[in-house]
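# A structural model of the following input is requested.
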Amino acid sequence: MKGSLLRHKHFRLDQAKLDRLRTTLGVRSETEALERAVDLILAEEEIKQVLRGIKGKGRLNRVFP
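I've put the predicted structure just below:
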């Protein structure tokens, strides 16, 4: 990320959710789990914006009979 600035933040989060997130993402630290989760959400939003931009501008061709 261009010009990213790290800040120290304090949050109250459900520990069970954090543990599940760490396991799901296969990371060791809670910080890494949160960073990866945020990255995934931001990437998903970029994909949604692109899809909204091309909505109705293409055709689907049948590949299999």
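# just the buried positions in the helix-or-strand element of the chain with minimal mean pLDDT, please.
Here the helix or strand of the chain ranked lowest by mean pLDDT, DSSP states H and E is helix 30-53, holding a mean of 94. With burial defined by 16 or more other C-beta atoms under 10 Å, the residues of helix 30-53 counted as buried are 33-34, 36-37. (Each C-beta comes from the backbone N, C-alpha and C, glycine too.)
# now those in CSV, with distance to K57?
Output for these, formatted as CSV (distance: C-beta to C-beta, whole Å):
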residue, distance to K57
A33, 37
L34, 36
R36, 32
A37, 32
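# quick one: which two of the residues you listed are the most distant?
The span of the buried residues of helix 30-53, defined through C-beta to C-beta, is set by L34 and R36 at 7.4 Å.
# can you tell me how far the most centrally placed residue in the chain sits from R20?
Residue closest to the mean C-alpha point of the chain, counted by C-alpha atoms, centre = their mean, is L40 at 1.3 Å. Computed as C-beta to C-beta, to the nearest Å, the L40 to R20 distance reads 15 Å.
# same thing with A43?
Counting by C-beta to C-beta, the gap from A43 to R20 is 20 Å.
# R62 now?
41 Å.
# settle it for me: which of the two has more neighbours?
Between R62 and R20, counting by other C-beta atoms under 10 Å, R20 is the more crowded of the two (12 against 5).
# ok now stretch 58-65, how far from the chain's centre?
On the basis of C-alpha atoms, centre = their mean, to the nearest Å, stretch 58-65 sits 30 Å off its chain's mean C-alpha point.
# pull the CA atoms of it into CSV?
Provided in CSV are the C-alpha atoms of stretch 58-65 (Å, rounded to 0.1, in the frame of the first residue of the first chain):
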residue,chain,number,x,y,z
GLY,A,58,-20.8,-8.7,-22.0
ARG,A,59,-22.3,-11.9,-23.2
LEU,A,60,-22.1,-15.4,-21.9
ASN,A,61,-21.4,-18.1,-24.5
ARG,A,62,-22.4,-21.7,-23.9
VAL,A,63,-19.2,-23.7,-23.7
PHE,A,64,-20.7,-27.2,-23.1
PRO,A,65,-23.8,-28.4,-25.0
